[in-house]
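>>> Dropping a prediction and its sequence here:
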Amino acid sequence: MRMRMLSVLKSGVLLDIYFFKNNRSTLISLMLWPYLMLGMLLGFGLIFGSTSAFKENIGMDVNPITYFVSSTVVIMACLGLLWDVAGSVLELRWIGALSYVILAPYRISLTLILSYVPRYLLISVIYLLEFTPLIILVEGLADGILKLGVIFTALTLGMLPMIGFAGLLAVLFIMMEEESNVLSWLNPLIMLFSGAFYPAYLLPHWAQTISRILPSTYTIEMARLAALMGSPSMARITFLMVLLIGFAVLYNILAYSLMGAGERRAMQRGAI
């Protein structure tokens with residue numbers, strides 16, 4: 001079983017290496033997209049407000065550039081993971097290959113998860129390296145390296161529960177007979193409730209209830225601690241780390257328990 005998992009991970013690494021090697025334009029767009037998104041967020045913020053108004057609204061003394069850099073990196077990494085794992089099920093159904101993939105020796109949900117873990121880590125590192133000069137410029141060398149470390153820790157730990165969450169969505173999509181692109185409207189809602197566009201604690205109470213069960217909420221919150229002026233609070237970082245590990249255990253146990261049952265039920269119902 002261990003060798004099977006390693007072979008799937010290896011195939012995921014090779015997939016990404018050859019994908020970017022043979023698609024140079026995709027790699028270039030991947031590197032440009034984060035700065036375009038950051039520019040849009042900061043641009044709209046400066047057009048319709050100011051940095052002082054922003055700090056007053058969120059109630060924290062933060063560096064707006066570091067705040068939105070951390071938000072941008074986490075949002076794009078989480079969206080990429082959801083599209084790669086859960087979105088692949090929809091794409092396989094559209095091209096008529098889902099039934100063949102499910103009949104493969106490896107369980108499709110496990111294959112999707114393990115195949116795209118290397119891509120998540122690779123893209124996260126690329127995004128961080130892109131923003132490293134900007135963070136060091138606005139924060140200084142020592143604080144910049146510390147805050148980049150906080151963001152990378154948030155991305156790495158945040159990946160663990162997001163894998164289980166994406167696996168649950170993959171099982172749901174396997175069981176569904178819906179052919180439309182569900183993720184096109186589900187992803188923005190997930191990001192909205194996660195506090196991607198504005199802090200989750202400023203959302204209405206009913207929306208905060210939803211945000212508390214989403215692992216991406218705590219990943220974004222932990223990454224944004226890097227934007228606090230001075231050194232981030234280690235107590236708060238440690239609390240969020242423990243919380244993300246707890247969510248990782250919960251979501252991955254749920255995903256692992258439901259994956260096999262969901263695939264068998266889908267095959268029995270002829271949903272694929």
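Perfect, I can see it now.

>>> ok, residue 138 touching residue 63?
Yes: here residue 138 reaches residue 63: they are 6.1 Å apart, a contact under CB atoms under 8 Å. Bear in mind the C-beta positions are built from the backbone N, C-alpha and C, glycine included.

>>> neighbour-wise, which of the two wins?
residue 63 (20 against 15; other CB atoms under 10 Å).

>>> residues contacting residue 196?
For residue 196, the contact set (CB atoms under 8 Å, 6 or more residues apart in numbering) comprises 71, 74, 75, 216, 220.

>>> tell me the pLDDT at it?
Model confidence at residue 196, given as pLDDT, is 79.

>>> you'd agree it is in a helix?
No: counting by DSSP: H, G, I helix; E, B strand; the rest coil, residue 196 is not found in a helix; it is coil.

>>> Please enumerate the helices of the stretch 51-200 of the chain.
Per DSSP state H, counting those that start in this stretch, the stretch 51-200 of the chain carries helices over the ranges 51-58, 64-94, 98-102, 108-139, 141-175, 183-193.

>>> In TSV, list those helices along with distance to residue 39 and mean pLDDT.
Output for these, formatted as TSV (distance: least, CB to CB, whole Å; pLDDT from 0 to 100):
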stretch	distance to residue 39	mean pLDDT
helix 51-58	16	74
helix 64-94	10	83
helix 98-102	38	74
helix 108-139	11	82
helix 141-175	19	85
helix 183-193	18	84
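
>>> Throw those into a markdown table and include distance to residue 35, thanks.
Converted to a markdown table, these look like this (distance: least, CB to CB, whole Å):
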| stretch | distance to residue 35 |
| --- | --- |
| helix 51-58 | 19 |
| helix 64-94 | 9 |
| helix 98-102 | 36 |
| helix 108-139 | 7 |
| helix 141-175 | 16 |
| helix 183-193 | 19 |
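
>>> Out of those helices, the one nearest residue 252 is which?
helix 141-175 (3.8 Å; CB to CB).

>>> May I see the buried residues of that closest one?
Within helix 141-175, the residues that count as buried by 16 or more other CB atoms under 10 Å are 143-144, 147-148, 150-155, 157-171, 173-175.

>>> now swap in stretch 80-95 and tell me
Taking 16+ other CB under 10 Å as the criterion, stretch 80-95 shows 80-90, 92-93 as buried.

>>> Same question for stretch 238-246.
So for stretch 238-246, counting by 16+ other CB under 10 Å, buried means 240, 241, 243, 244.

>>> same question, stretch 13-29
In terms of neighbour count (16+ other CB under 10 Å), stretch 13-29 has its buried residues at residue 16.

>>> Can you give me the end-to-end span of it?
One end of stretch 13-29 sits 20 Å from the other (CA to CA, to the nearest Å).
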